[in-house]
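[1] model the following, please.
(one chain, ligands or ions: 1)
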Amino acid sequence: MSTERSGVTSFTNLRFLCVTTGKPIDYEVPGDAQTLKDLWARTLLRSCCHCGKVHRFDFRTAYVDGVLADLDVGASELVSPTEGSTAPFGSDER
Ligand SMILES: [Zn+2]
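    Alright, predicted model coming up:
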């Protein structure tokens, strides 16, 4: 899964879980306000690349999960390796 961040056309990444395999499925939709507004309250159908079935999912849920997935990647990049880890000199056993 390569993520190209061209930034020219805005796409929003949706993510939902395959109910059969439990694996995440990413689904990109145009990220403009009109599309989001139109899809917001809808239930979408998406053929699954893992099990081959068609799954129904709530746009809102998938949208939030997609955003959180993006934030998770960004957050791990932002946290510096020394932050939050044990102090280098605190190596005595507990
Ligand atoms: Zn599936």
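
[2] what residues sit buried inside stretch 10-21?
    Buried residues in stretch 10-21, defined by neighbour count with 16 or more other C-beta atoms under 10 Å: 12-18. (Glycine included, C-beta is placed from N, CA and C.)

[3] any part of that stretch near the ion?
    Yes. With C-beta under 5 Å from the ion as the criterion, the ion is reached by stretch 10-21 at 18, 20.

[4] got the end-to-end distance for that stretch?
    30 Å (C-alpha to C-alpha, to the nearest Å).

[5] give me the contacts around that stretch.
    For stretch 10-21, the external contacting residues (C-beta atoms under 8 Å, 6 or more residues apart in numbering) are 23-32, 36, 44, 46, 48, 50-51, 53, 55, 57, 59, 61-63, 65-67, 69-70.

[6] again, only using 7 Å
    23-32, 36, 48, 50-51, 53, 55, 57, 61-63, 65-66, 69-70 (C-beta atoms under 7 Å, 6 or more residues apart in numbering).

[7] stretch 24-41 - what's its average pLDDT?
    Stretch 24-41 carries an average pLDDT of 93.

[8] could you work out the end-to-end span of it for me?
    Start-to-end, stretch 24-41 (C-alpha to C-alpha) is 21 Å.

[9] now, which of the contacts of stretch 10-21 lie close to the ion?
    48, 50-51.

[10] beyond the helix or strand containing Thr12, next helix or strand please.
    Per DSSP states H and E, Thr12 falls inside strand 11-17. Counting by DSSP H and E, the element after strand 11-17 in chain order, helix or strand, is strand 24-30.
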